[in-house]
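**Student:** Please work out how this folds:
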Amino acid sequence: MDKMIIGIDVGGTKVAGGLVDNKGHLDKTVTLPTKASEGFETSFSQVVTVIKRLINQAGGSNHIQGIGICCPGPLNPRTGMVINPPNLPGWTNIPFTERVEKEFQLPARLENDANAAGLAEVLFGAAVGYNDVFYVTVSTGVGTGIIINKKVYHGKNGAAAEGGHVTIDHRSPYICGCGTPGCIEALAAGPAIVRRARVKLEQEHTLPSLLRDRTQNHLSRITPEMIEETAKAGDKVAKSIIDETGFFLGVWLASMITLLDPDAIVIGGGVSQIGKPLFDKIRATIPHYTINRQAENTPLLPAKLQKDVGIFGAASLFMQEGENAEKA
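**Tutor:** Just a heads-up that it's a prediction; the model follows:
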């Protein structure tokens, strides 16, 4: 019987793990809270517990090929070092793969979560059949991954593909968490969408909107899901915010196409769930902001793996070539 791969997705709130076979089929899953506020050693013990449970479910470590792990950066995938993720307090200069290998006597690999998700979509998800893919996740932030010939492109220092921090408006009043004005993350991520809706309604205080009704005019309660729902109900303000978001993403992705000329672009994350109105605006915008005259033929693919993408991405670290990947 083929050995299984353990995929571990470490986030600020939960540690999710699963057993994945070489054809990209997810079997058992285990999820525990990260307990990030209690520091690294507590969080690491949660990771260890998840791995132990999965090893038991696989029938022992002799049935495990390796342990793939993805977590937020900054990190160095070559050395297996977690440097200092903002939402994992105390995870500073941690030789993470070394700790895991010492604990389980199994090979371990580490990857940035967006890079891993992009690789997973190429091997098992929306981009099966494509070699060179630009992956985007738009949720609380904007994460990206560059996949070339079905392998993650890391750059010289392992820090490539921080596409969410590419600015598209250096005069923007919106400053990104990285300190740069007008990053696409500061304009199009979930919190940015909410902020733009709130500012619009605050500045035009007589403008009617279902968003006022839903929040009883407490505009700080607006959520991305609320914007999506009210847009579907025909709210003009919500529709304009989605249209503007699609425009921003289209301008930005046009530059990515100019730079990379990928086979396809995969878009995931919570904001992507807006669906057709957002994708239509992105598609309509791209050709006007790139020198690449074939840009309009670049497929924009909704991510397929969604909530399990981190597990698949982590497991993908032991399937770099992807010959055995198949459509579900």
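**Student:** Which helix runs longest in the protein?
**Tutor:** When the chain is parsed with DSSP state H, its longest helix is helix 236-260.
**Student:** by contact count, what packs against that helix?
**Tutor:** Judged by 3 or more CB pairs under 8 Å, 6 or more residues apart in numbering; DSSP states H and E, helix 236-260 is in contact with strand 133-138, helix 184-188, helix 190-203, helix 210-215, helix 224-232, strand 264-268, helix 276-285. C-betas here are computed from N, CA, C, even on glycine.
**Student:** If you count neighbours, what's buried in the longest one?
**Tutor:** Within helix 190-203, the residues that qualify as buried by neighbour count (16 or more other CB atoms under 10 Å) are Gly190, Ala192, Ile193, Val194, Arg195, Arg196, Ala197, Arg198, Lys200, Leu201.
**Student:** Over to stretch 143-156?
**Tutor:** Neighbour count says stretch 143-156 has Gly143, Thr144, Gly145, Ile146, Ile147, Lys150, Val152, His154 buried, by 16+ other CB under 10 Å.
**Student:** so how far is that stretch from its chain's centroid?
**Tutor:** 13 Å (CA atoms, centre = their mean, to the nearest Å).
**Student:** Then stretch 219-226?
**Tutor:** Taking mean C-alpha positions (CA atoms, centre = their mean), stretch 219-226 and its chain are 21 Å apart.
**Student:** now swap in stretch 142-154 and tell me
**Tutor:** With CA atoms, centre = their mean, you get 12 Å for stretch 142-154.
**Student:** For that stretch, give me every contacting residue.
**Tutor:** Residues outside stretch 142-154 that contact it (CB atoms under 8 Å, 6 or more residues apart in numbering) are 77-78, 111-119, 122-123, 127, 131-137, 160-164, 183-185, 188-189, 260, 269, 320-322.
**Student:** do that again at 6 Å, thanks
**Tutor:** The contact list for stretch 142-154 (CB atoms under 6 Å, 6 or more residues apart in numbering) reads 114-115, 118-119, 122, 131-133, 135-137, 160-161, 163-164, 184-185, 189, 320, 322.
**Student:** what's the answer for stretch 229-243, then?
**Tutor:** Contacts for stretch 229-243 (CB under 6 Å, 6+ apart): Arg196, Ala197, Ser209, Leu210, Leu211, Ile227, Ile274, Pro277, Leu278, Lys281.
**Student:** Could you export those residues to CSV, including columns for pLDDT?
**Tutor:** Compiled in CSV, the contacts of stretch 229-243 are given as follows (pLDDT from 0 to 100):
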residue, pLDDT
Arg196, 95
Ala197, 95
Ser209, 95
Leu210, 94
Leu211, 95
Ile227, 95
Ile274, 90
Pro277, 94
Leu278, 95
Lys281, 97
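**Student:** Can you tell me which of these lies closest to Phe44?
**Tutor:** Ile274 (36.5 Å; CB to CB).
**Student:** Tell me, how many residues neighbour Gln294?
**Tutor:** 10 (other CB atoms under 10 Å).
**Student:** Please tell me how far it sits from Glu121.
**Tutor:** Distance, Gln294 to Glu121, by CB to CB, to the nearest Å: 22 Å.
**Student:** can you check Gly179 too?
**Tutor:** 30 Å.
**Student:** The two: which has the busier surroundings?
**Tutor:** Neighbour tally, Gly179 and Glu121, criterion other CB under 10 Å: the higher count belongs to Glu121, 30 against 8.
**Student:** Helix or strand: which one has Ile5?
**Tutor:** strand 4-10 (DSSP states H and E).
**Student:** what pairs with that strand, and is each one parallel or antiparallel?
**Tutor:** strand 14-20 (antiparallel), strand 64-71 (parallel) (DSSP bridges).
**Student:** Who are the contact partners of the residue lying closest to Ala192 once chain neighbours are set aside?
**Tutor:** Among residues not flanking Ala192 along the chain, Ala186 sits closest, at 5.7 Å (CB to CB, 6 or more residues apart in numbering). Contacts for Ala186 (CB under 6 Å, 6+ apart) come out as Tyr174, Cys176, Ala192.
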